[in-house]
Every structure is written in structure tokens, then in C-alpha cells.
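Engineer: With the sequence up front, the predicted model follows.
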Amino acid sequence: MHRPWVLGLTGGIGSGKSAAADILQQWGATVVDTDQLAHQLTAPQGAAMPALIQAFGTAIAAADGSMDRTVMRERVFHDPTARQQLEAILHPMIQHSAEDAVQQAQGVYVVLVVPLLFETGHYTQRVHRTLVVDCPEDLQIARVMQRSQLDADMVRRIMAQQWNRQQRLTAADDVVDNQGSLDELQAQLWPLHQAYLEKTRLWRANTGFA
Ligand SMILES: CC(C)(COP(=O)(O)OP(=O)(O)OC[C@H]1O[C@@H](n2cnc3c(N)ncnc32)[C@H](O)[C@@H]1O)[C@@H](O)C(=O)NCCC(=O)NCCS
Ligand SMILES: Nc1ncnc2c1ncn2[C@@H]1O[C@H](COP(=O)(O)OP(=O)(O)OP(=O)(O)O)[C@@H](O)[C@H]1O
């Protein structure tokens with residue numbers, strides 16, 4: 001089975017993973033985003049909904065049959081057992097969907113966006129290189145609060161379940177600093193994209209991947 005060249009893109013909540021992935025997509029990469037896959041699995045009629053309702057009860061289902069994200073968020077980020085239960089249901093399904101999407105990708109290379117790339121360990125053997133989007137924790141909190149209804153306490157609770165900055169920076173092959181403007185982010189990504197194109201070319205030559 002042929003497999004495209006895959007960049008694993010990660011970073012803490014609100015660090016700018018989607019912003020970086022959008023830029024690489026504009027340059028021809030295919031983006032596979034595990035957050036988006038998780039949202040599809042928990043949408044109305046989503047494949048994960050029967051198992052989630054069985055495990056957590058109907059209180060976690062909204063009127064349209066999707067997962068009530070506010071209810072679930074409150075539960076899992078106050079109760080580690082509930083979080084493990086949610087992850088035990090969703091992570092294998094997300095991993096399966098991600099593998100399918102990678103196989104079908106048509107872009108110059110694949111950007112696999114995974115918030116818990118290092119934490120779960122599942123993807124680290126499946127990506128060819130890792131890129132971390134880094135920004136100071138206070139800026140992560142401010143950007144998430146600006147984008148959503150989450151308060152600082154909840155953002156900190158979520159961050160506490162993720163690797164810290166230093167752990168991610170140590171594990172990363174490549175890092176972009178996203179405390180500046182989106183133009184500055186783009187300027188850092190351009191030489192990396194050129195390097196990824198070259199790695200893709202070599203990967204294709206060595207594997208016969210068309
Ligand atoms: C807890 C849930 C209901 C909260 O929903 P919400 O709409 O607020 O967040 P959303 O799904 O858009 O995720 C936003 C960010 O939260 C962080 N996050 C999500 N799940 C987790 C988790 N299990 N542990 C740590 N951080 C997480 C990530 O940084 C992610 O990018 C939701 O995140 C969920 O179903 N999580 C379990 C699936 C999962 O682990 N996804 C992330 C890795 S693939
Ligand atoms: N360089 C930047 N300058 C200003 N705002 C930014 C910048 N990068 C990202 N943002 C904004 O910060 C918020 C978080 O960015 P983004 O959604 O890309 O992060 P993420 O890592 O994908 O988040 P999550 O972990 O929640 O999925 C968004 O509202 C985005 O528009």
C-alpha cells in the first residue's frame with residue numbers, strides 16, 4: 001500500500017495550528033484535521049453518538065442528536081475518568097478516519113493536524129516529520145477566549161491535559177513561533193514548505209509513490 005509523505009502538525013490549544021495548516025493548504029498540501037474528524041463523528045447521526053450515549057447517557061446529546069459540547073467539556077475537564085472514557089471511544093474512531101483521509105489525499109503532501117500528537121503516541125510512528133506551532137501560554141488563553149465563550153479557568157484546565165511548551169519544543173523536528181502576525185507566521189512557514197516539498201520528492205522517488 002502506498003502512503004503519501006505526512007507532516008504531523010501540533011501545538012497547544014489556540015496556538016495557531018489551524019492558521020498554519022490553512023497557509024500550507026493554500027500552497028498545495030492536503031490538510032487532515034483530527035479536530036474536524038472528531039466533530040464529524042459527534043455531529044447529528046455521527047458514528048460515535050450511539051457509543052457516547054451508552055457510556056454517558058442522553059444528557060450529553062443535544063436536541064439534534066449531536067454531542068452537546070458544552071456539557072461534555074464540563075464533564076471531561078473536571079473528571080479524569082470521564083475524559084479517559086471519552087478518549088477511549090473517540091480516539092480509535094478518529095485514528096481510523098484520519099488513516100482513511102491520509103490514504104485518499106491528493107495534495108503535494110499531507111498535513112495531519114493533531115492536538116494530542118505527542119500525548120497519545122499513536123501518530124508519532126505514522127508521520128514523517130513533526131512541526132510545532134508555538135506561542136506563549138498567556139497568548140494561547142487570550143486567543144481562545146477571544147474566539148470562543150470559554151473562560152480562562154476552562155482554557156487552563158484543557159491546557160493542563162496537554163504537554164507543556166517545553167515538552168513540545170523538545171520533541172519537535174521543526175517549530176514556528178506564532179506570537180507575531182499571520183504574515184510573520186507565513187514567512188516562517190515558506191522555507192519549511194520548500195523543505196517538505198523536497199522531502200516529498202525524495203520519498204516518492206524511494207517508494208514509487210505516484
Ligand atoms: C471535550 C470536547 C467535547 C470539547 O469540545 P470543544 O468544542 O470545546 O473543543 P474542540 O473539539 O473543538 O477541541 C478544541 C481543542 O481542545 C483541545 N482538546 C480537545 N480534546 C482534548 C483532550 N481530550 N485532551 C486535551 N485537550 C483536548 C485541543 O487543543 C483541541 O484543539 C471535545 O474536544 C472532544 O470531544 N474531545 C475528545 C476528542 C479528542 O481528544 N480530540 C482531540 C485530539 S484528536
Ligand atoms: N498570528 C496570529 N495573530 C492573530 N490571531 C491569530 C494568529 N494565529 C491564530 N490567531 C487566532 O487565534 C485563534 C486560535 O488560532 P487557531 O484556531 O489557528 O489555533 P488552533 O491551535 O487550531 O486552536 P485549537 O487548539 O483550539 O484547535 C483563532 O481565532 C485565530 O484566528
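Structural biologist: Yep, it's here. Residues are numbered from 1 along each chain as shown. Ligands and ions are numbered 1, 2, ... in the order given.
Engineer: What ranges in the chain fall below the confidence cut-off?
Structural biologist: Low-confidence segments of the chain (pLDDT under 70): 1-2, 209-210.
Engineer: for ligand 1, what are the nearby residues on it?
Structural biologist: With CB under 6 Å from any ligand atom as the criterion, the chain meets ligand 1 at residues 13, 34-35, 38, 69, 72-73, 76, 83, 86-87, 90, 94, 114-116, 158, 161-162. Where you see a C-beta, it was placed from the backbone N, CA and C, and this is true even at glycine.
Engineer: Helices along this structure, start to end?
Structural biologist: 17-26, 34-41, 49-56, 69-76, 80-104, 117-120, 137-147, 152-160, 165-171, 182-207 (DSSP state H).
Engineer: want to throw the ones you listed into a markdown table with distance to residue 62 and mean neighbour count?
Structural biologist: As requested, the helices of the chain are exported to a markdown table (distance: least, CB to CB, whole Å; neighbours: other CB atoms under 10 Å):
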| stretch | distance to residue 62 | mean neighbour count |
| --- | --- | --- |
| helix 17-26 | 24 | 19 |
| helix 34-41 | 13 | 17 |
| helix 49-56 | 10 | 15 |
| helix 69-76 | 8 | 16 |
| helix 80-104 | 16 | 16 |
| helix 117-120 | 27 | 20 |
| helix 137-147 | 21 | 16 |
| helix 152-160 | 19 | 16 |
| helix 165-171 | 33 | 14 |
| helix 182-207 | 33 | 14 |
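Engineer: so which of those gets nearest residue 6?
Structural biologist: helix 80-104 (6.1 Å; CB to CB).
Engineer: about what we covered before: could I get the helices of the chain as JSON lines with distance to residue 128?
Structural biologist: Shown next, in JSON lines, are the helices of the chain (distance: least, CB to CB, whole Å):
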{"stretch": "helix 17-26", "distance to residue 128": "14"}
{"stretch": "helix 34-41", "distance to residue 128": "17"}
{"stretch": "helix 49-56", "distance to residue 128": "32"}
{"stretch": "helix 69-76", "distance to residue 128": "31"}
{"stretch": "helix 80-104", "distance to residue 128": "11"}
{"stretch": "helix 117-120", "distance to residue 128": "13"}
{"stretch": "helix 137-147", "distance to residue 128": "27"}
{"stretch": "helix 152-160", "distance to residue 128": "28"}
{"stretch": "helix 165-171", "distance to residue 128": "15"}
{"stretch": "helix 182-207", "distance to residue 128": "7"}
